[in-house]
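Visitor: task: produce atomic coordinates for the following.
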Amino acid sequence: MSVNGPGDKAEILGKLSGQVLRKVAKSKQGALKDFVDNFFLNVPVDDLRQRSLDELATQTLLAWNFIQSFDYAAPKIAIVNPDPDADHWQSGHTVVMVLQNDMPFLSDSVRMEFSRNEIGVHAVQNIVQVANRTAKGKLKNRSNRNLDDSGTEVEDRQNLEAVLYFEIDRQALGTDDQHPLEQGLVDALQDLHLVVDDFVSMKARAMEIIQELELTPPPLPAKEIEEGKVFLQWLLNHNFTFIGYKEYDLLRKRKRPCIDALPDRALGIVKRRHEGEQRRYLDQLSPQAQEFVSEPRLISFAKSGTLSKVHRPVYPDYVAFRRFNKKGEVIGERGFLGLYTLPVYTERTRDIPVLRLKVEAVMRKSGLHPYSHEGKELARVLETYPRDELFQTDTNDLYATAIRISQIKERHQTKLFVRRDHYGKFVTCIVYMPRESYNTELRKKIQRILCREFNALNAKFNTYFGESVLVRTQFTLRTESDEDLDYNLELLEREISQVTRSWQDGLVDALIETHGEQKGLALASTFRDAFPSSYRDNFSAATATEDIAHVLSIGDAKRLSMQLYQTAGEENDVAHLSLYHPGAPLPLSDVIPILENMGLEVIGEHPYK
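Guide: Predicted coordinates:
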């Protein structure tokens, strides 16, 4: 329903300006008029039409009054519930406003906090303004976006302020205590500030490593060192969003060998994380992790165990460059936390350093001719394999998994592949299943099975639909401990396979088992989708096979078929009668007298077509 009528956007904003300008001093009216135009610049006219002028005025004045003061010391956050009566607030939503220096990923990070708390977002209005304030932070004047009053782009971005306005699910707000959402937003924005403030420094650390590899290379193969330099340069070329940096010393000669963090070298979000434990003893790690941290490899890949609050709600990638002594022993590492940028997930593997060598090694190990059918299929599997997994999976494990995937050969099967990371923080489960079987409810069932089996704290998923008859879902499970996993892959795969099988799949199998493959498939093409959901909810595929036989027995000479039966586990005095009749169901009034004359009592009827 349109509240403001069919007027265009300029007309609605003109009426709105006229209403709100009366609420402020004359000296402020020009600035407020300018603010109205900017605040609603990207709001669709249909959204404006859905609200009364009174409600739009409340929204405008809330934001206008909010930006009047700002001390720059910390982000300014307000969470309010406008009064439905006094403020004409009909939407009923809670308003969240944020004011702070403009910076990348700001809106993303705030919305991630809403998502983390499972809070729905109903309206978003974000603007950037050039603000001129007094020494005490009072707003003197403002202009839109990054232009000054003359229309010239502002070079000094220090006075660029982001104004974020959200309407979210209604929240219960107290009078004194800080709402948990506000503390979550403060934490997220603190992380974002650390990332933005240290971004240049993190890139400088990457350049330092490149120079060190050139001037004083470690005792490793020259090809590995060269690929490491190229890879680090590739990361710097807008392929990796740096959000943290840390350094460790690996002290093996101590009485109790340990890994020591160097907090003075931390950058980005690691600064906050280093406030806790600074040392970890090797005997606290699993044997696999102890072996991994000592392997003489230049680059290692892992995932951070803490979800990112910046840019994307995922577990950040950790790319570490190890340090070596003259004997070639690992003595520490320098690691970058970050997020691969979106082009990385679509770029060809042959254009990505490190991955190209790994893919070449797998193809070479397979012995397959690259232009053979099998070789092309293996190459396709590797090219479409989850990029995060390509980085983190060792070549031998990747070879074993990729070969098994290529051997599915487009058959309608359900297959499970499991990999645990070296540090025991994550279990990655990749499930292939028939495309027509996939839906959200099925994905949730599989996720619950995997979380139960691996005692996961939480799970993230990503589903890939390619040209294949199969769909692939990758589950990343955050596990509780690094103890050895005790699971049976075959049994787990069988359990998942059972839940991916639809009722119709069971009917096809039952028809083939009863009638043979040729006739069974012919019947399946007719009856596979013939049964309504109400029938499928109450009867098995085996029962449907019997019902199909009765239906097929009906013809011109035989207009009715029936069967009287009892099901296992029911009382002896309970029986079921199925009647099969072409066209409309038989009238119950015709059937009941016959059954009652037989001494039977009818307690229910369920017709199916």
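Visitor: how long is stretch 377-395 from one end to the other?
Guide: Distance between the two ends of stretch 377-395: 18 Å, counting by CA to CA, to the nearest Å.
Visitor: list the contacts of Asp529.
Guide: When contacts are counted by CB atoms under 8 Å, 6 or more residues apart in numbering, Asp529 touches Gln504. From N, CA and C alone the C-beta is placed, and that goes for glycine too.
Visitor: what about the protein, any weak spots by pLDDT?
Guide: Applying pLDDT under 70 to the chain flags residues 1-7, 144-158, 175-176, 274-277, 482, 556-557.
Visitor: domains in it, by residue range?
Guide: Following automatic domain parsing, one gets these domains for the chain: 9-175, 193-222+239-338, 504-597.
Visitor: need these in CSV (columns: distance to Ala456).
Guide: What follows is the domains of the chain, written out as CSV (distance: least, CB to CB, whole Å):
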stretch, distance to Ala456
domain 9-175, 17
domain 193-222+239-338, 13
domain 504-597, 28
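Visitor: so for Ile603, which of the ones you listed sits nearest?
Guide: domain 504-597 (8.5 Å; CB to CB).
Visitor: that closest one: how far from the chain's middle?
Guide: Distance of domain 504-597 from its chain centroid, counting by CA atoms, centre = their mean, to the nearest Å, is 44 Å.
Visitor: again, but for stretch 380-399
Guide: Distance, stretch centre to chain centre, for stretch 380-399: 20 Å (CA atoms, centre = their mean).
Visitor: buried stuff in it?
Guide: By neighbour count on 16 or more other CB atoms under 10 Å, the buried set for stretch 380-399 is 380-382, 385-393, 398-399.
Visitor: most widely separated two among those residues?
Guide: So, the buried residues of stretch 380-399 by CB to CB: farthest apart are Arg380 and Gln392, at 20.5 Å.
Visitor: quick one: what helix or strand has the residue lying closest to His93 once chain neighbours are set aside in it?
Guide: Closest residue to His93 apart from its sequence neighbours, by CB to CB, 6 or more residues apart in numbering: Glu167 at 4.0 Å. Here Glu167 sits within strand 160-168, counting by DSSP states H and E.
Visitor: the helix of greatest length in the chain to strand 160-168, inter-axis angle?
Guide: Using DSSP state H, we find that the single longest helix of the chain is helix 180-215. Following axes from the mean of the first three to the mean of the last three CA atoms, to 10 degrees, one obtains 130 degrees for the angle between helix 180-215 and strand 160-168.
Visitor: what's the spacing between helix 180-215 and its chain's center?
Guide: 23 Å.
Visitor: got the buried residues for that helix?
Guide: For helix 180-215, by 16+ other CB under 10 Å, it's 181-182, 184-185, 188-196, 198-199, 202-203, 205-206, 209-210, 213.
Visitor: would you map the strands across the stretch 501-609 of the chain?
Guide: Assigned strands in the stretch 501-609 of the chain, in chain order: 561-565, 576-580 (criterion: DSSP state E, counting those that start in this stretch).
Visitor: now the first one: buried residues?
Guide: Meaning strand 561-565. Those would be Ser561, for strand 561-565 by 16+ other CB under 10 Å.
Visitor: return the list of helices and strands in contact with that strand.
Guide: helix 541-553, strand 576-580 (3 or more CB pairs under 8 Å, 6 or more residues apart in numbering; DSSP states H and E).
Visitor: and those, which is most packed in?
Guide: helix 541-553 (a mean of 17; mean count of other CB atoms under 10 Å).
Visitor: now do the helices in the stretch 1-150 of the chain.
Guide: For the stretch 1-150 of the chain, the helices defined by DSSP state H, counting those that start in this stretch cover 9-21, 26-39, 45-49, 53-66, 106-116.
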